[in-house]
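Student: how would this look folded up:
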Amino acid sequence: MTILVSGARGNVARALVRLLLENDHEVRAAGRDPRATRLPAGVDVVAADLAHPEGWDVALDGVTKAFVYAGTAGLDGFLSRASGLAQVVLLSALGADPTSDDAITRAHGEAEEAVRAAGIPWTFLRPGGFATNRLMWADAVRAGVVRDPFPDSHSALVHEADIAEVAACALTASGHLGAAYALTGPESLTVRRQAALVGQAARRPVRVEAQDLDDYRRELTAVLEARGLGRVGSAEVVEARIRRLAALVDRPQPTTETVREITGHAARGFAEWAADHVRDFA
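Tutor: Modelled structure (predicted):
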């Protein structure tokens with residue numbers, strides 16, 4: 001049984017590939033630029049991108065199951081070529097809803113609807129905020145100042161290793177078809193507290209300054225476009241993100257026990273994530 005892991009350059013995908021290999025599963029990784037992947041030697045890496053569906057014919061050859069990110073552009077093209085799969089595990093988002101006014105949760109809801117409509121057995125992973133998004137702070141942490149428009153906004157960020165472990169369980173164990181799993185970290189922390197924990201791990205003093213919203217808009221737009229997410233409508237996504245962060249100021253977020261229920265261990269905390277990534281902030 002060969003398992004296809006898409007988005008090979010992503011943090012979750014790389015962690016998932018390593019887990020599957022460690023447990024002796026046949027793995028093929030797919031990404032827009034195979035040369036840019038950082039995967040163990042010997043992994044079969046092929047070029048494939050949701051925006052170019054024809055590339056999936058080679059990527060899916062001999063594949064039984066697949067892990068896919070919920071990009072909406074080109075997902076239908078992938079699904080039309082994946083009709084014979086025994087399972088698709090879709091990395092979606094908490095609150096995914098095709099009728100949502102929020103551009104982010106709507107896009108993920110639409111992706112889930114597309115998978116359902118394709119008739120392929122599915123499992124949806126719905127993480128809240130990704131802890132790895134804080135890697136964007138690397139230069140700021142080195143400079144000692146993190147700038148954010150909502151320093152007291154809360155999130156229960158989830159470690160990519162936990163998402164990967166849940167994905168591995170869903171792909172290799174029974175009982176996960178038709179399930180939608182809400183994934184969070186074990187605690188809700190403000191941006192200020194997250195920055196402090198990164199600073200502690202990196203052994204650097206880090207303070208947080210309020211950022212001008214227009215500056216934040218420009219920075220986030222540039223990040224989305226660099227990641228190829230502008231196709232979703234970067235302006236709409238940016239405004240949805242701003243509204244969400246503003247609504248979370250001084251509002252601790254609920255957490256789930258899903259990681260524990262699926263993997264048998266508690267979700268990793270943000271301090272552990274910061275320690276695991278200390279080299280990224282060095």
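
Student: burial of residue 146, as a residue count?
Tutor: For residue 146, the count of nearby residues is 24 (other C-beta atoms under 10 Å). For every residue, glycine as well, the C-beta is placed using N, CA and C.

Student: where does it land in three-state SS?
Tutor: strand (DSSP: H, G, I helix; E, B strand; the rest coil).

Student: Can you get me a residue count around residue 99?
Tutor: 9.

Student: Over to it: give its phi and psi.
Tutor: Note on residue 99: its backbone torsions stand at phi -100, psi 0 [degrees, to the nearest 10].

Student: mind listing what it touches?
Tutor: Neighbouring residues of residue 99 by C-beta atoms under 8 Å, 6 or more residues apart in numbering: 106, 109.

Student: In terms of pLDDT, where does it sit?
Tutor: In this model, residue 99 is scored at 96, pLDDT.

Student: Could you pull out the buried residues of the longest helix along the chain?
Tutor: When the chain is parsed with DSSP state H, its longest helix is helix 103-118. Residues of helix 103-118 classed as buried by neighbour count (16 or more other C-beta atoms under 10 Å): 103-112, 114-115, 118.

Student: Repeat that for stretch 133-141.
Tutor: Buried residues in stretch 133-141 (16+ other C-beta under 10 Å): 134, 137, 140, 141.

Student: closest to residue 178 among those residues?
Tutor: residue 134 (32.7 Å; C-beta to C-beta).

Student: And that closest one, how far from residue 157?
Tutor: Going from residue 134 to residue 157 by C-beta to C-beta, to the nearest Å gives 7 Å.

Student: Give the residues shared as contacts by the two.
Tutor: 194, 273.

Student: isn't residue 188 right up against residue 253?
Tutor: Yes - counting by C-beta atoms under 8 Å, residue 188 touches residue 253, with 4.3 Å between them.

Student: who touches both of the two?
Tutor: 154, 155, 156.

Student: pLDDT score for residue 227?
Tutor: pLDDT, read off for residue 227, is 65.

Student: Please read the previous query as pertaining to residue 72.
Tutor: Residue 72 is assigned a predicted lDDT (pLDDT) of 60.

Student: Make JSON lines from the shared contacts of residue 188 and residue 253 and add neighbour count and secondary structure to it.
Tutor: Compiled in JSON lines, those are given as follows (neighbours: other C-beta atoms under 10 Å; DSSP: H, G, I helix; E, B strand; the rest coil):
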{"residue": "154", "neighbour count": "21", "secondary structure": "strand"}
{"residue": "155", "neighbour count": "25", "secondary structure": "strand"}
{"residue": "156", "neighbour count": "23", "secondary structure": "coil"}
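
Student: Redo those residues as a markdown table? Include pLDDT and distance to residue 56.
Tutor: Below are the shared contacts of residue 188 and residue 253 laid out as a markdown table (pLDDT from 0 to 100; distance: C-beta to C-beta, whole Å):
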| residue | pLDDT | distance to residue 56 |
| --- | --- | --- |
| 154 | 98 | 38 |
| 155 | 98 | 33 |
| 156 | 98 | 34 |
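
Student: Dump those residues into CSV; add distance to residue 282 as well.
Tutor: Shown next, in CSV, are the shared contacts of residue 188 and residue 253 (distance: C-beta to C-beta, whole Å):
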residue, distance to residue 282
154, 27
155, 24
156, 26
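
Student: Can you tell me which of those comes closest to residue 24?
Tutor: Once C-beta to C-beta is applied, the member of the shared contacts of residue 188 and residue 253 that ends up nearest residue 24 is residue 156, at 33.2 Å.
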